[in-house]
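Trainee: Could you work out the structure for the sequence below:
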Amino acid sequence: MSNKKISIFVFFLMTVLSVSLKTYFAYYVDLSLGVKGLVQNLILLMNPYSLVALILSALLFFQGKKAYWLVFTGGTLLTLLLYSNVVYFRFFSDFLTFSTLNQVSNVESMSGALWSSFQWYDFFYFLDTILYLVLLTVKREWLSVKTVKRKFVPVLMGVSIALFFINLAFAEMDRPELLTRTFDHKYLVKYLGPYNFTVYDGVKTIQNNQQKAMASADDLTRLQSYTKTKYAEPDEQYFGIAKEKNIIKIHLESFQTVMIGKKVNGQEVTPFLNELATGNNDFIYYNNFFHSTGQGKTSDAELTMDNSIYGLQQGSAFSLKSDNTFQSLPAILHQKQGYSTSVMHGDYKTFWNRDQIYKRFGIDKFYDATYYDMSEKNLENLGLKDKEFFKESIPYLKKEKQPFYSHLITLTNHYPFTVTPQDATIASPETGDKTVDGYVQTARYLDESVRQFITDLKNEGLYEDSVIMIYGDHYGISENHNAAMGQLLGEEITPAKFMDLQRTGLFLKVPGIKGHVDSTYASQVDVMPTLLHLTGIDAKPYVLFGTDLLSKKHNQTIVFRNGDFITPEIKSINGVFYDNNTNQPLIDTELTAKATQIKNTVATELEMSDSLLNGDLLRFYNNKDFKEINPADYDYPNGTVSGMK
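Mentor: The predicted structure is shown next:
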């Protein structure tokens, strides 16, 4: 029997192999990494081993049963890291970073959504863990007391390190500048694996944290030199046309314009927004308006819309940069034209750290969940139902000192997209995917909510003399549901088509401008300079990455947080260039050269935006057109509405 016992070296190999096998399982079952060709598949085959083997081999320095338990613990921790990434990816289409761990307070509010991400086959990720635990506790006699010679351990570690550099060499061949100019986490995981990505992320987090201490006014000067080149002169006929008009922002949670004009079972999903999208009314409809959010999702959209900068590459600036200096749109409107400013949201003020970051934006009032009737009958998914939210917000809007800037954030159209049978006024498309099926029903509910709100604004005399903006904050349906979306739309969701689905739409009503459809390419970063010019405030003195939508010099390059981009001519997805009209890979050499140049500019732009946030560069800006915000001047006391939980 003794010659059949399992040695610690064999147990080590078993653990390395089992952790790597379930990593492969995750690659091909749960994680959409866009793997193509022999080289990328070989890299995928190689990348789990290096760090797994390095960590576990270091534990072989220990002897006896302790070594078995340490190797088991190491394998279990790696499994938990892998599985946490799988669950996070199902929900966010991204990977865990040290920055996102700072947002753990958001998990409680989204626990229901996370639970719905679990799959029946998840037991596979822990099958080896259970078997090894049985071996260590019940079948201990199967284990050998023979140890690995300590001089052999450095050899194992050296082989692991060598394997990493071979992996990295192949990765750099296939994806040059992988570690220096890659913003897409899926790229990094595809080439490095989830375990090496965690180490890389840790190093980047330390570097980013050090950046603020090392930043100087010279960094701001370089940033200003770049953003000044992007400035677009306002069109004279629109400049100041909305001076001192109320501004009402209607933030549509997870809304994608793929629902505009879509019918399910013969019924329009969004009949009211369909009306607005015709342009035969008061609203300009920008049908090529895209989100530009990253891991911060809704908070990134808020950051970008109010500051014309991009969210962080990792984590949410709302959580990680809440002590930064900002020169935000609401504060500028207040200082230049006496606007009162407010945010209204049917969730609690600590979610996304809003009660802190809004003080840095100069928001006067924050009507959070404590100002609304949060009785059980009014709640769905993450918080207050949209219809109830809009109805209860009207009295607060009426009390605002005019001109006002008010931002209303909806909630019901949020993953996992649930509505009660009473609120579901359109039948499910029955794709077999509960996320896609639910999205259709919550999008209809959202559409009805917006119709009700616009009607109430008219009835209360708040419609005619107001700028009204309606927009989607980020995608609702991730690429994990491409099969069901393809079934719903009747076409295959290719990478190029998936980029098309990132349109979130912008409906803009400006008193004095007739409604129409505008096919200009734009994103959330362009909203702030547009509103500044509409209200007669020149955007030039401020550090902005977007350009005025109504300017003849508007820049139509849409930058995505992962480094992809789209223009009227070109798409760039995972480093591959496509013709934007045909969605086929580019073969035109002139366009390819142009695409390469734009790609480099996009990388520079994201680096500049990151440097602004990580270095807190606006603290160095002595802007004569802006008085620095003192957060101590703002306070958001709780409301006293009955029914509050």
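
Trainee: And for residue 228, the neighbour number?
Mentor: 11 (other C-beta atoms under 10 Å). C-beta coordinates here come from the backbone N, C-alpha and C atoms, glycine included.

Trainee: What does the closest residue to it other than its chain neighbours show for phi and psi?
Mentor: Beyond its immediate neighbours in the sequence, the residue positioned closest to residue 228 (C-beta to C-beta, 6 or more residues apart in numbering) is residue 540, lying 7.8 Å away. Dihedral angles of residue 540 (phi, psi; degrees, to the nearest 10) stand at phi -60, psi -40.

Trainee: Begin at 375 from now on, thanks
Mentor: New numbering, starting at 375: the last item is residue 914.

Trainee: Residue 914 contacts residue 605, doesn't it?
Mentor: Yes. Between residue 914 and residue 605 a contact is recorded at 5.6 Å, counting by C-beta atoms under 8 Å.

Trainee: gap between stretch 561-573 and the chain center?
Mentor: Taking the mean of its C-alpha atoms, stretch 561-573 sits 19 Å from the chain's own mean (C-alpha atoms, centre = their mean, to the nearest Å).

Trainee: From the opening residue of that stretch to its closing one, how far?
Mentor: In terms of C-alpha to C-alpha, to the nearest Å, the two terminal residues of stretch 561-573 are separated by 15 Å.

Trainee: pretty sure residue 654 belongs to a helix, no?
Mentor: No. Applying DSSP: H, G, I helix; E, B strand; the rest coil, one finds residue 654 to be coil, outside a helix.

Trainee: residue contacts, it?
Mentor: With contacts defined as C-beta atoms under 8 Å, 6 or more residues apart in numbering, residue 654 is in contact with residue 889.

Trainee: Can I get stretch 763-773 as CSV, trimmed to CA atoms?
Mentor: The C-alpha coordinates for stretch 763-773 follow below in CSV (Å, rounded to 0.1, in the frame of the first residue of the first chain):
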residue,chain,number,x,y,z
PHE,A,763,-40.2,57.9,-8.3
PHE,A,764,-41.2,60.3,-11.0
LYS,A,765,-44.6,61.0,-9.5
GLU,A,766,-43.1,61.9,-6.1
SER,A,767,-40.3,63.9,-7.7
ILE,A,768,-42.6,66.5,-9.3
PRO,A,769,-43.3,68.4,-6.0
TYR,A,770,-39.5,68.6,-5.3
LEU,A,771,-39.0,70.0,-8.8
LYS,A,772,-41.7,72.6,-8.3
LYS,A,773,-40.0,73.8,-5.1
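
Trainee: buried stuff in the longest helix seen in the chain?
Mentor: As far as residue count goes, and with DSSP state H defining each element, the longest helix of the chain is helix 439-466. Of all the residues in helix 439-466, those buried under the rule 16 or more other C-beta atoms under 10 Å are 441-442, 444-446, 448-450, 452-453, 455-457, 459-466.

Trainee: continuing past the helix or strand bottoming out on mean pLDDT in the chain, what's the next helix or strand?
Mentor: Among the helical and strand segments of the chain, the one scoring lowest on mean pLDDT, DSSP states H and E is helix 485-489, with a mean of 59. Downstream of helix 485-489, the next assigned helix or strand under DSSP states H and E is helix 498-511.

Trainee: Helix 498-511 and the longest helix of the chain, what's the angle between them?
Mentor: In this structure, helix 439-466 runs at an angle of 170 degrees to helix 498-511, with axes from the mean of the first three to the mean of the last three C-alpha atoms, to 10 degrees as the basis.

Trainee: What's the first helix or strand after helix 439-466?
Mentor: Moving toward the C-terminus from helix 439-466, the first helix or strand encountered (DSSP H and E) is helix 472-475.

Trainee: Run a quick neighbour tally on the closest residue to residue 519 other than its chain neighbours.
Mentor: Counting by C-beta to C-beta, 6+ apart, residue 519 lies nearest to residue 438, which is 6.4 Å off, once chain neighbours are set aside. Residues contacting residue 438 under the criterion other C-beta under 10 Å number 12.
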